[in-house]
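>>> give me a model of this one.
(one chain, ligands or ions: 2)
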Amino acid sequence: MNDHRWWQDGIIYQVYPRSFLDSNQDGIGDLPGITARLDYLAGLGIDAIWLSPFYPTPDADFGYDISDHTQVDARFGTLQDFDELLQQAHTRGIRLVLDLVLNHTSDQHAWFKESRSSLRNPKRDWYMWRDEKNNWQSEPGGSAWTYDAATRQYYYHSYLPEQPDVNWRNPEVREAQLGVVKFWLERGVDGFRLDVFNVCFKDAEFKNNPTKFGLRKFDQQEHLYDADQPEMIPLLNDLRTLLDKYPNTYAVGETFLPTTEKSAKFVGMDRLHAAFSFDFSVKNLIYPWKPDWLLKRILHRERIFEGELWPTTVMSNHDVRRAASRYSHAEDDAQARLAMTILLTLRGTPFIYYGEEIGMRDLKLKRDQIMDPPGKRYWPLFKGRDGCRGPMQWDDSTLAGYSSVQPWLPVHPDHITRNISMQEKDPESMLNLTRKLIALRRQYPALQKGSFTALAGNSRQVLAYLRTFEKQNILVAMNFSGRKARITLEAEHTRRNWRTLHPGTNIETFMTDHLELPAHGISIWVAED
Ligand code: GLC
Ligand code: CA
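Ligands and ions are numbered 1, 2, ... in the order given. Okay, the predicted model is just below:
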């Protein structure tokens, strides 16, 4: 337990480059913009940045359709800007984790252009071409096969037609893709977030998926043959061998169709360091936000990710409604604060999504403002993912200090009262709560590596748990309701010598056998005996 790695003890902050800071006033965030705000991130106390794609892209899926894996899109900067960002981050002790999309490329990628050019092109087999389609569906909707009139075959795409899947069964593809990984490792990056890694392999015979009940066509089949094929594990073994040649590197996989059990199977010494299990946030699903439900999820995850297996905690990312929008029905941040407290006090690597630290809310967009392809397709049933990708709210100026020209997505109107500059100055702000929680996590090993025990006082109103490492116990108690709450403690816990860590008052309350929590109260204590 003592040889914990940076990615176990640390906190990873996801930057969506397009929306962080526009340094050259073209309305699009860029790499120099991120470099310019590294001091802010260092001040927050994070350990690493996960950078969403900044590679050349025709923007069919806003960066997740890559047309060149080893370049920087001119709108985001240059390779030199990248090197500068990496170096400046390292100077501040911040590591850089890149987003790698290895399952598919853009249809504008040179490989695909060649592949589609003729049946006899040497790269024809780098993608999946068939005379006939089977019943497989693409995740954003529609058949996963698109007909190419010029060569009279269908090609396969798990996502949009502009995102053809590469053929991982072809050894040249494998070599080329691992070459991409090596390219960035050689440049000095600290790791990768692997986009939908577990769909890389498909059934060799393209068998039809069995059907089942579901809402969308994609959900009306069991994904037996288009994901999670056994060939994935040997590929992860190879990938890990490559990564291990570069000390202290890390890979976290984005599990496609995630379950906690499935994600855990991809983690281990010979596979990924971590895989998202999305226990509290999954695309297209709104989970209940209740202490008893959360506790069940946490305990389930604790059972599955045990021993060597290290979990990840995610409340928000660029694919889901922000936690603050999912759970806070009013303008107040009560629920967003609870979400942040859970994120930063559970066992597992916390991932903070940019703006989460100030409780940024999703944009409310009109139909003609939607850019995200699934949003265009399914409006108004599903409005797409643009809402959670709004420009970072740095200050209360017209464009939130993000740019001086109209940004690619509108600035949230609430930036006038919700922004970093104002929250810096307010000791009670969500930003300062986040900073404090990060600082506590760094200071107390029990929060980083301690075991998790639910307290007996849990209820439909209160979530309370202990984190324990050696002699150190941290008690976290949260009241989800707008009424006062009281939790009774087991005798073994009342005997301890508790000191308050947050909010920093009421030490006497604890000396008896119970703890009182005000409406939406968050209470954190430490005992070292
Ligand atoms: C992942 C990304 C998502 C993207 C998809 C296809 O789920 O997080 O944004 O659309 O992969 O690359
Ligand atoms: Ca720019």
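
>>> how many neighbours does the residue lying closest to L489 once chain neighbours are set aside have?
Of all residues not flanking L489 in the chain, D513 sits nearest, at 5.7 Å (CB to CB, 6 or more residues apart in numbering). Bear in mind the C-beta positions are built from the backbone N, C-alpha and C, glycine included. Using other CB atoms under 10 Å, D513 has 12 neighbouring residues.

>>> which pLDDT value goes with D513?
Note for D513: predicted pLDDT of 79.

>>> then A275?
98.

>>> roughly how far apart are it and ligand 2?
33 Å (CB to the ion, to the nearest Å).

>>> ok, D99 next?
When D99 is compared with ligand 2 (using CB to the ion), they lie 19 Å apart.

>>> now do the host helix or strand of that residue, average pLDDT.
Element membership of D99, judged by DSSP states H and E, is strand 95-100. Taken as a whole, strand 95-100 has an average pLDDT of 98.

>>> figure out how far that strand is from the centre of its chain.
12 Å (CA atoms, centre = their mean, to the nearest Å).

>>> returning to what we had before: OK, contacts around the residue nearest to L489?
488-489, 491, 494 (CB atoms under 8 Å, 6 or more residues apart in numbering).

>>> count the residues that sit near the one residue in the stretch 301-450 of the chain that gets nearest to ligand 1.
Nearest to ligand 1, among the residues of the stretch 301-450 of the chain, is D319, at 4.8 Å (CB to the nearest ligand atom). As a burial measure, D319 scores 17 neighbours (other CB under 10 Å).

>>> check S19 too.
25.

>>> next: A336.
A336 is flanked by 26 other residues according to other CB under 10 Å.

>>> now do K376
Count around K376 with other CB under 10 Å applied: 14.

>>> quick check on the closest residue to it other than its chain neighbours: phi, psi?
Leaving aside its sequence neighbours, K376 sits nearest to I370 (CB to CB, 6+ apart; 5.6 Å). Note on I370: its backbone torsions stand at phi -70, psi 130 [degrees, to the nearest 10].

>>> so what's the residue count around I370?
Count around I370 with other CB under 10 Å applied: 20.

>>> mind listing what the residue nearest to T259 when sequence neighbours are not counted touches?
Excluding its sequence neighbours, the residue lying closest to T259 (CB to CB, 6+ apart) is S277, at 7.3 Å. Applying CB under 8 Å, 6+ apart, we find S277 in contact with 255, 258-260, 263-264, 301, 304-305, 311-312.

>>> farthest pair in those?
T259 and T312 (14.1 Å; CB to CB).

>>> which of those two has more neighbours?
T312 (24 against 14).

>>> just checking, the more buried one touches L346?
No. T312 is beyond contact range of L346, at 9.9 Å (criterion: CB atoms under 8 Å).

>>> show me how the record splits this structure into domains.
What automatic domain parsing lists as the domains of the chain is 110-156, 450-527.

>>> lowest average pLDDT across those?
domain 450-527 (a mean of 89).

>>> which strands or helices does the helix ranked longest in the chain pack on?
With DSSP state H setting the assignment, residue counts place helix 171-187 as the longest helix in the chain. Contacts defined by 3 or more CB pairs under 8 Å, 6 or more residues apart in numbering; DSSP states H and E place helix 171-187 against helix 79-91, strand 95-100, helix 232-244.
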